[in-house]
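Undergrad: what's the 3D shape of this:
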Amino acid sequence: MAISIVERFGSRASTEGDNPSVELLFVVKGSDDDLAIKVAVLGVAPLIYNGLVRQSVAIKQIGHQLWEGSAQYGRAKKEPETGESSYQFETGGGTQHVTQSLGTTRYAPDGETAPDFKGAIGATAESVEGVDITTPQYRFAETHYLPIDAVTDGYKSTLFGLTGRVNAGPFRNFAAGEVLFEGASGSQRGEEDWEITYRFAASPNVSGMSIGDIDDIAKGGWDYLWVLYEDEEDGDAERLVKRPVAAYVESVYYTGNFNLLGIG
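TA: As a prediction, the model looks like this:
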């Protein structure tokens, strides 16, 4: 039996406004082969209807060799033009190993005093073990459409040179030292322009930190902080304990001029 297809009553229902749409409805007979039925609907439903573009086709079997078919129409998606941009962001959790707590509550048996390690976590006679914690992360990406003549070999080298650097000056409402440039990826769109996505991660600068008896520590968002511990006597507990005696803030990323990215 040959496949037959007719347009159904109620077809061509449409919506107007900023996002117009039309749905064509069909009754299809003559096969239980879903692929053959879909091909039949595709052959009847035009690619363009009343200025709208066919966006999807669906079929549903309602009986033996009997199907409903539909075709949805809407506006064609507008391609971004040269000079336009789009933005994405995400927040998540990363892992960081810390050896100092933000606060400590000490407990000991009656009549005894728990040693005061000044916030050191997991202190033993030999070392301070610390703990892995979840820390918030903020990542964002920007896609820009740059003219062909702007994406030279020199510009690509600039992107390469800035990858893995932190911002030397304010950038996207972040202070200097808070944004790490994680790199870029790009592709050329014909002879028109380049589509380039730039990826960043942000971590806040911190000042006024205290570690044990050490105060007024300042740390850049992407600096590395580590603590030196030594044995000291806890007079109240009458024990030798590991305590922080010095804190070190290490710069581990070079800075870069993010204005050279050319994305404002």
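
Undergrad: Provide a list of residues in contact with Ser248.
TA: Let me fix one detail, which is that residue 248 is Tyr and not Ser. Residues near Tyr248 by C-beta atoms under 8 Å, 6 or more residues apart in numbering: Leu225, Trp226, Val227, Leu228. For every residue, glycine as well, the C-beta is placed using N, CA and C.

Undergrad: how many other residues sit next to the first one?
TA: The one in question is Leu225. The number of residues packed near Leu225 is 17, by other C-beta atoms under 10 Å.

Undergrad: now do the second one
TA: Burial of Trp226, expressed as a neighbour count using other C-beta under 10 Å, amounts to 10.

Undergrad: which ones are touching it?
TA: By C-beta under 8 Å, 6+ apart, the contact set of Trp226 is Ala247, Tyr248, Glu250.

Undergrad: related to what we said a few turns ago, please flag which of the contacts of Tyr248 sit within strands.
TA: Leu225, Trp226, Val227, Leu228 (DSSP state E).

Undergrad: about what we covered before: ok, the contacts of Trp226 vs Gly177, which is closest?
TA: Among these, Glu250 lies closest to Gly177 (C-beta to C-beta), at 13.1 Å.

Undergrad: and the closest one, how far is that from Tyr224?
TA: Look at Glu250 and Tyr224: by C-beta to C-beta, to the nearest Å, they are 4 Å apart.

Undergrad: about what we covered before: let me have the ones in strands among the contacts of Tyr248 in a markdown table, extended by distance to Val22 and pLDDT.
TA: As requested, the ones in strands among the contacts of Tyr248 are arranged in a markdown table below (distance: C-beta to C-beta, whole Å; pLDDT from 0 to 100):
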| residue | distance to Val22 | pLDDT |
| --- | --- | --- |
| Leu225 | 61 | 90 |
| Trp226 | 65 | 90 |
| Val227 | 67 | 91 |
| Leu228 | 72 | 91 |
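
Undergrad: Could you export these as a markdown table, including distance to Thr163?
TA: Converted to a markdown table, these look like this (distance: C-beta to C-beta, whole Å):
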| residue | distance to Thr163 |
| --- | --- |
| Leu225 | 24 |
| Trp226 | 25 |
| Val227 | 30 |
| Leu228 | 32 |
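
Undergrad: Leaving out sequence neighbours, find the closest residue to the residue positioned nearest the centre of the chain.
TA: For the chain, the residue nearest the mean C-alpha position is Glu90 (3.7 Å; C-alpha atoms, centre = their mean). Nearest non-adjacent residue to Glu90, counting by C-beta to C-beta, 6 or more residues apart in numbering: Arg139, 5.3 Å away.

Undergrad: do Pro204 as well
TA: Gly221 is the one closest to Pro204 (C-beta to C-beta, 6+ apart), at 5.4 Å.

Undergrad: is it true that the one you found touches Asn205?
TA: Yes: using C-beta atoms under 8 Å, Gly221 is in contact with Asn205, at 5.0 Å.

Undergrad: the more surrounded of the two?
TA: The residue with more neighbours, out of Gly221 and Asn205, is Gly221; 20 against 15, by other C-beta under 10 Å.

Undergrad: looking at this protein, which helix or strand does the model trust least?
TA: One helix or strand of the chain scores below all others by mean pLDDT, DSSP states H and E: strand 85-98, with a mean of 77.

Undergrad: Output the below-cut-off pLDDT ranges for the stretch 1-150 of the chain.
TA: In the predicted model, the stretch 1-150 of the chain carries pLDDT under 70 at residues 1, 92-94.

Undergrad: For it, just list every one of the helices.
TA: Along the stretch 1-150 of the chain, counting by DSSP state H, counting those that start in this stretch, helices occupy 34-44.

Undergrad: any chance you could map the strands in it?
TA: Remark: strands assigned in the stretch 1-150 of the chain by DSSP state E, counting those that start in this stretch are 4-7, 13-15, 21-29, 48-49, 52-63, 66-74, 85-98, 131-147.

Undergrad: Out of those strands, which gets nearest to Ile217?
TA: Nearest of the strands of the stretch 1-150 of the chain to Ile217, taken as C-beta to C-beta: strand 85-98 at 13.8 Å.
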